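> Return atomic coordinates for the entry below.
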Amino acid sequence: MKNNKKILIVEDDIDLREGLFFSFSSDGYNVTEVETKREGLQEIDKGNYDLVLLDCKLPDGTGFELCKEVRSYSNIPIIMLTACDTELDEIKALELGVNDYLSKPFFLGVLKARIKRILQEKAETIKIITGSLTIDQNDCKVYKRGEEVLLSKLEYRLLLYLIENKNHILSKEQILEKIWDSNGKYVDNNTVSVNISRLRKKIEDDVSNPVWIKTVHGIGYIWKE
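As a prediction, the model looks like this:
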């Protein structure tokens, strides 16, 4: 029987991957399997999954790298599966934001029990409500007066960063480093203002007189609440 929960398996061991696919499909889950970091990120970016089973070592990178990137914009539950049974690896994984960590070989029943627990916890939706906006952090969706506002991944991250620092001025440099990165991977110095403008058009009632995202001339921006 289908339970409508979607699981993504990112694992390069074909025998383990196919075994997990068969077992969870038999339990009624909607399962997708991929074997590389690149494919995993592409699937996660679609935003359609309830949980990710993630291998620590992948052909084109590591599960740690994938988790770090995903956690910059999504709270999707992640269980890391690894043959590296070391305390440091487990600590690193937990610090990066994985929800659980299992060393190979593991008991399938234990994995299923942990998945069930995590999905039950996820059902308790984490929401931020500010004015007429509601941010559902589980599904990375934003609603304005009940209607969904379609934001890009970058716009969503920018919105969350502003709200998390409400009533505090954020400089353009702070925003660039947090939302893009400290290596300068952005187009030019107008990047922040251009994206702030795009975000305002989607969430403000009057972009010429914004209520939430205020400009602090010569410094940066502030989310007023």
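> what's the helix or strand for Tyr156?
Secondary structure assignment for Tyr156, by DSSP states H and E: helix 153-164.
> residues of that helix that come out buried?
Neighbour counts over helix 153-164 (16 or more other CB atoms under 10 Å) mark 155-160, 162 as buried. For every residue, glycine as well, the C-beta is placed using N, CA and C.
> Following the chain onward from that helix, which element is next?
strand 170-171.
> how close does Val149 get to Val194?
18 Å (CB to CB, to the nearest Å).
> Run the chain-centre distance for the longest helix anywhere in the chain.
Looking across the chain with DSSP state H, the single longest helix is helix 108-122. Chain-centre distance of helix 108-122: 19 Å, with CA atoms, centre = their mean, to the nearest Å.
> ok, now stretch 67-78?
3 Å.
> Stretch 204-213 now?
27 Å.
> on contacts alone, who are the packing partners of the longest helix of the chain?
Helix 108-122 sits against strand 51-55, strand 78-82, strand 100-103, with contacts defined as 3 or more CB pairs under 8 Å, 6 or more residues apart in numbering; DSSP states H and E.
> which helices and strands does the very next helix or strand once past it pack with?
Using DSSP H and E, the helix or strand that follows helix 108-122 in sequence is strand 127-130. Judged by 3+ CB pairs under 8 Å, 6+ apart, strand 127-130 is in contact with strand 133-136, helix 153-164.
> How far off centre is the shortest one?
A distance of 15 Å separates the C-alpha centroid of strand 133-136 from that of its chain, computed with CA atoms, centre = their mean.
> how about it: buried residues?
Quick answer for strand 133-136 (16+ other CB under 10 Å): 133-135.
> Quick check: of those, which lies closest to Lys6?
Of all the buried residues of strand 133-136, Lys6 sits closest to Ile135, with 21.4 Å by CB to CB.
> wait, doesn't that closest one sit right on Lys144?
No - look at Ile135 against Lys144 with CB atoms under 8 Å: they stay out of range, at 10.3 Å.
> Excluding sequence neighbours, find me the nearest residue to the residue nearest the centre of the chain.
For the chain, the residue sitting closest to the mean C-alpha position, by CA atoms, centre = their mean, is Ser74 at 1.2 Å. Among residues not flanking Ser74 along the chain, Cys140 sits closest, at 5.4 Å (CB to CB, 6 or more residues apart in numbering).
> for this structure, what helix or strand is lowest in average pLDDT?
Lowest mean confidence among the helices and strands of the chain (mean pLDDT, DSSP states H and E): strand 127-130, at a mean of 82.
> List the strands paired with that strand, with their directions.
strand 133-136 (antiparallel) (DSSP bridges).
> Can you identify the element that follows the partner strand toward the C-terminus?
Next element after strand 133-136 (DSSP H and E): strand 141-144.
> in that next one, what counts as buried?
Val142.
> what's that strand packed up against?
Strand 141-144 sits against strand 133-136, strand 147-149, with contacts defined as 3+ CB pairs under 8 Å, 6+ apart.
> Now do the shortest one: everything it contacts.
Think strand 147-149. With CB atoms under 8 Å, 6 or more residues apart in numbering as the test, strand 147-149 has contacts from 133, 141-143, 202-203.
> Look up the residues forming beta bridges with Thr82.
With DSSP bridges as the rule, Thr82 is bridged to Ser103.
> I'd say it and Leu58 touch.
No - counting by CB under 8 Å, Thr82 does not reach Leu58; the two are 11.0 Å apart.
> if we can go back for a sec, now the least confident helix or strand of the chain - C-alpha only, PDB.
In PDB, the C-alpha atoms belonging to strand 127-130 read as follows (Å, rounded to 0.1, in the frame of the first residue of the first chain):
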ATOM      1  CA  LYS A 127       6.700  27.200  10.500                       C
ATOM      2  CA  ILE A 128       7.700  30.800  10.700                       C
ATOM      3  CA  ILE A 129       4.800  33.300  10.700                       C
ATOM      4  CA  THR A 130       5.600  37.000  10.200                       C
END
